[in-house]
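Chemist: This is the structure alone, sequence omitted:
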């Protein structure tokens, strides 16, 4: 079975030198989403400090085969200040 | 002649039980005499199969084993890690059919005792019977804390909690040094115990090491800062019932 390396990126890149043997790219995709979900689960609002988080999977040859990213963004607070002012 | 060897087989169990309440010499002998011959189970093999109807209960004399359940998609959840001195399927005496399997995580030395002999033991030694009952109740308490951890703790807190628990349990059974113990488990096994991916477990171990809380390389775990580790884990040892109180 091929070995895949799961690196993470949120500002810094944390390299995975150990890797994991998986059946193929489809399994690596599944694992990448699981890893991203697990890491984000308890981040809470501090996720906005970094704004995005990626899991990047490379194969034995160092090629990126999977990339999955979650992103947080600031949205303009529509109408909120206006209605405050209106009171 | 073989009395010292024989007693050594129940040494971890006796140490663990007597931490909670002292055993009489007769009770120690009774525990040893119900055991059949020792056998070795290789790492990766089932010690007790899920859905089987064991006619004996098995004592783990050395090694690590795990209670586990599997799902159709191949997912595996470990529900408790057992250490030497644990009666891994004592509950099969009364439950009859196994609702989970028990797997050897390392090479394990085990010895079994027929249920009929266990019943005899409980009738002749009611105090010892209560101690064994307490042991299965502590198992249930461990399951409750694992449930809390699985559902609500962050990954780091969950891993820290497992390290605290294993250290105290190993110490109670006389198998840990001063703030250090052997944990010959793969990250896949730890992941199945924590309900987390191997990749995440590996990151969490790096994080615990990075915080200077543990020195964890290979199979050896050294706790550098117990206070901080327990703080990360929000660890409350009440569930392990480490107090010496009569049963």
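Modeler: Received the coordinates, thanks. All values derive from a computational prediction rather than experimental measurement.
Chemist: ok, the residue of chain A found nearest chain B - contacts?
Modeler: Nearest residue of chain A to chain B, counting by CB to the nearest CB: residue A:42, 3.9 Å away. In short, each C-beta sits where N, CA and C put it, glycine included. Counting by CB atoms under 8 Å, 6 or more residues apart in numbering or on different chains, residue A:42 touches B:154-155.
Chemist: Find me the pLDDT at it, would you?
Modeler: Per-residue confidence at residue A:42 stands at 85 (pLDDT).
Chemist: what's the nearest residue to residue B:215 if we skip its chain neighbours?
Modeler: Spatially, and ignoring its direct neighbours in sequence, residue B:215 is nearest to residue B:222 (4.1 Å; CB to CB, 6 or more residues apart in numbering or on different chains).
Chemist: what do you get for residue B:96?
Modeler: Nearest non-adjacent residue to residue B:96, counting by CB to CB, 6+ apart: residue B:53, 5.9 Å away.
Chemist: what's the burial count for the one you found?
Modeler: 10 (other CB atoms under 10 Å in any protein chain shown).
Chemist: Can you verify it is assigned to a helix?
Modeler: No: counting by DSSP: H, G, I helix; E, B strand; the rest coil, residue B:53 is not part of a helix but coil.
Chemist: in which helix or strand would I find residue A:7?
Modeler: Counting by DSSP states H and E, the element that carries residue A:7 is strand A:3-10.
Chemist: List the strands paired with that strand, with their directions.
Modeler: Partners of strand A:3-10 in the sheet, by DSSP bridges, are strand A:12-14 (antiparallel), strand A:20-21 (antiparallel), strand A:52-58 (antiparallel).
Chemist: Would you mind listing what in chain B touches chain A?
Modeler: B:154-155, B:187, B:196-200, B:202-203, B:206 (CB under 8 Å from any CB of the partner chain).
Chemist: Put the buried members of those into a ChimeraX selection.
Modeler: To isolate the buried members of those in ChimeraX, using 16 or more other CB atoms under 10 Å in any protein chain shown:
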select /B:154,155,187,196,197,198,199,200,202,203
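Chemist: Rebuild the residues of chain B next to chain A as a markdown table, extending it with secondary structure and pLDDT.
Modeler: Formatted as a markdown table, the residues of chain B next to chain A follow (DSSP: H, G, I helix; E, B strand; the rest coil; pLDDT from 0 to 100):
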| residue | secondary structure | pLDDT |
| --- | --- | --- |
| B:154 | coil | 94 |
| B:155 | helix | 95 |
| B:187 | helix | 93 |
| B:196 | coil | 95 |
| B:197 | coil | 93 |
| B:198 | helix | 91 |
| B:199 | helix | 90 |
| B:200 | helix | 92 |
| B:202 | helix | 91 |
| B:203 | helix | 89 |
| B:206 | helix | 92 |
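Chemist: Relative to residue B:239, which of the strands paired with strand A:3-10 is closest?
Modeler: Residue B:239 lies closest to strand A:20-21 among the strands paired with strand A:3-10, at 32.8 Å (CB to CB).
Chemist: got a list of contacts for the helix or strand just after the closest one?
Modeler: Next helix or strand after strand A:20-21 toward the C-terminus (DSSP H and E): helix A:25-41. Under the criterion CB under 8 Å, 6+ apart, residues A:4, A:6, A:8, A:20, A:22, A:47, A:53-55, A:57, A:65-66, A:68, A:70, B:154-155, B:196-197, B:199-200, B:203 lie in contact with helix A:25-41.
Chemist: Going by neighbour count, which residues in stretch B:85-95 are buried?
Modeler: For stretch B:85-95, burial by neighbour count (16+ other CB under 10 Å) applies to B:85-93.
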